[in-house]
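In: Next input, structure requested:
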Amino acid sequence: MTAYKDRQLVEEKVFKDPVHRYIHVRDQVIWDLIKTPEFQRLRRIKQLGTLYLAFHSAEHSRFNHSLGVYEIVRRMIENFREYEEWDESDRLLVLCAALLHDLGHGPFSHSFEKIFDIDHEDFTRKIIYGNTEVNRVLKRVSTDFPLQVGQVIDKSHPNKLVVSMISSQIDADRMDYLQRDSYYTGVSYGTFDMERILRVMRPGKDEVIIKESGMHAVEDYLMSRYQMYWQVYFHPVSRGGEVLLNRALKRAKNLYEQGYVFKQAPKYLIPFFENHIEVEDYVRLDETVMNFYLQEWIQESDEILSDLSHRFVNRDLFKHIPFDGSMLTFGELTELFEAAGINSEYYLFSDSYSDLPYDYDRPEARNKRRPIHLLKPNGQIHEISSQSTIIHSITGLHRNDSKLYFPKDKINDIKDLEIKGDIINLLNELG
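Out: Numbering: from 1, shown residues only. Take a look at the predicted model:
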């Protein structure tokens, strides 16, 4: 009888996909993982959180993306098989890690994580190691297989080649989300020649390396990533949606801690309010549940929670203007908001973000990054920014931006004309 880890489906399963055309599944293990409730939950988690508020078609899910990452890794393996550096016994391990790498994402992803101080990567491991269907499927391969899969995802596995396939500066995760997010947002920034990159990828001892002839395709890929972050992922309207969601969740949490009695008890959020979250609490919560609570909170007697929830549900976003991060200015505005009767804790918010499009492992760097390496025809290996003037120009280059968010309508409604004038003058100086 064929061992479970080697078992193949009688007939290949195929998912039609707008990015990769088809996603192919032949392994019984992969098919069984896809059918688990924990993986199916990803259908109810948006890939881009609140970005649909800025790009109306950005409604795709973590489920789509996870299948896409799996498919790219599957294709990598097909190309790697002819090279002695590739160990075929690692095939199922990296396929499972690719499929499950985003398993722990919560509703609206990063917005949710910030308010409840949650790390989705931590919950990915907890789901893989815990009392879940995913864990039971993985354990059928071997008792230590869940641990191995978790180690690949958290980058602690000793096989660094396998880790680099789904987590590096040129990995299956990034190659899928750039193209997928570009497709669903209707922009062209995230397009690059993935076919070419896959053709020039080679398995190295500890990492995926790129043939020198593929350098220009990698340049295009890195510039696509740079453009997607600044034109799409950091879009101020999407960030404004995150601000509203963050403030609404914060208000609900604060009210719960004060003993407020909700008209509709948010029982699925109570473990998060109390910071006592079990795996079953986490997987029970998705965006369907969160949207239900936000709709219900509109009817609450607490004016702040009702208003913030109404704004989020109906896309009545705060206005945003450039902000230099000055604590003095922020402090002045806070005092003026309070004097005008506007609760600054919920109605004044500064948001900062930054990106580092490419870097290499340098001693002084906080977050060490494994560089992209080029394979020369003579067998020598060089870090890519030493060979490409384009990549050299963005290497180690931090770009930062900040925005200030506030409700313009509440400022317009201020009765005290002196305070109102002071607020408007300060905001005009910034904007």
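In: Dihedrals phi and psi, residue 359?
Out: phi -160, psi 170 (degrees, to the nearest 10).
In: OK, contacts around residue 193?
Out: Contact analysis of residue 193 by CB atoms under 8 Å, 6 or more residues apart in numbering lists 217, 220-221. C-beta: built from backbone N, CA, C; applies to glycine.
In: do residue 291 as well
Out: Residues near residue 291 by CB under 8 Å, 6+ apart: residue 313.
In: Just to be sure, it is in a helix?
Out: Yes - assessed with DSSP: H, G, I helix; E, B strand; the rest coil, residue 291 lies in a helix.
In: Residue 40 versus that one, what's the distance?
Out: In this view, residue 291 and residue 40 are 18 Å apart by CB to CB, to the nearest Å.
In: Could you do residue 376 as well?
Out: Counting by CB to CB, the gap between residue 376 and residue 40 amounts to 46 Å.
In: Over to residue 193?
Out: Relative to residue 40, residue 193 is positioned 33 Å away (CB to CB).
In: ok, now residue 288?
Out: Residue 288 is 12 Å from residue 40, by CB to CB.
In: got it, and residue 21?
Out: Per CB to CB, residue 21 is found 23 Å from residue 40.
In: Over to residue 242?
Out: Distance from residue 242 to residue 40, counting by CB to CB: 26 Å.
In: okay, now the domains of the protein?
Out: 4-233, 238-353+402-430 (automatic domain parsing).
In: quick one: the longest one to chain centroid distance?
Out: To tie it back to what came earlier, the one meant is domain 4-233. 12 Å (CA atoms, centre = their mean, to the nearest Å).
In: need the longest strand for this protein.
Out: If you go by DSSP state E, the chain has its longest strand at strand 8-17.
In: Give the other helices and strands that the next helix or strand after that strand contacts.
Out: Proceeding N to C from strand 8-17, the next assigned helix or strand is strand 21-27, under DSSP states H and E. If you count contacts as 3 or more CB pairs under 8 Å, 6 or more residues apart in numbering; DSSP states H and E, strand 21-27 packs onto strand 8-17, helix 62-80.
In: Only the buried residues of strand 21-27, if you could.
Out: Judged by neighbour count (16 or more other CB atoms under 10 Å), strand 21-27 contains these buried residues: 23, 25, 27.
In: list the contacts for the nearest residue to the second one once chain neighbours are set aside?
Out: Nearest-residue entry for residue 25: residue 13, 4.3 Å, with adjacent residues in sequence omitted and distances by CB to CB, 6 or more residues apart in numbering. For residue 13, the contact set (CB under 8 Å, 6+ apart) comprises 24-26, 31.
In: picking up where we left off before, nearest to residue 396, out of the domains of the chain?
Out: Set against residue 396 and scored by CB to CB, those come closest in domain 4-233, at 12.5 Å.
In: now the end-to-end length of that closest one.
Out: 41 Å (CA to CA, to the nearest Å).
In: before we move on, the earlier item: keep only those of the contacts of residue 193 that are in strands.
Out: Short answer: the contacts of residue 193 have none in strands (DSSP E).
In: Just the ones of the residues you listed in helices?
Out: 217, 220-221 (DSSP state H).
In: By neighbours, which of those residues wins?
Out: residue 221 (26 neighbours; other CB atoms under 10 Å).
In: what packs against the lowest-mean-pLDDT helix or strand in the chain?
Out: In the chain, the helix or strand scored least confidently by mean pLDDT, DSSP states H and E is helix 110-116, which has a mean of 81. Here helix 110-116 touches helix 236-257, going by 3+ CB pairs under 8 Å, 6+ apart.
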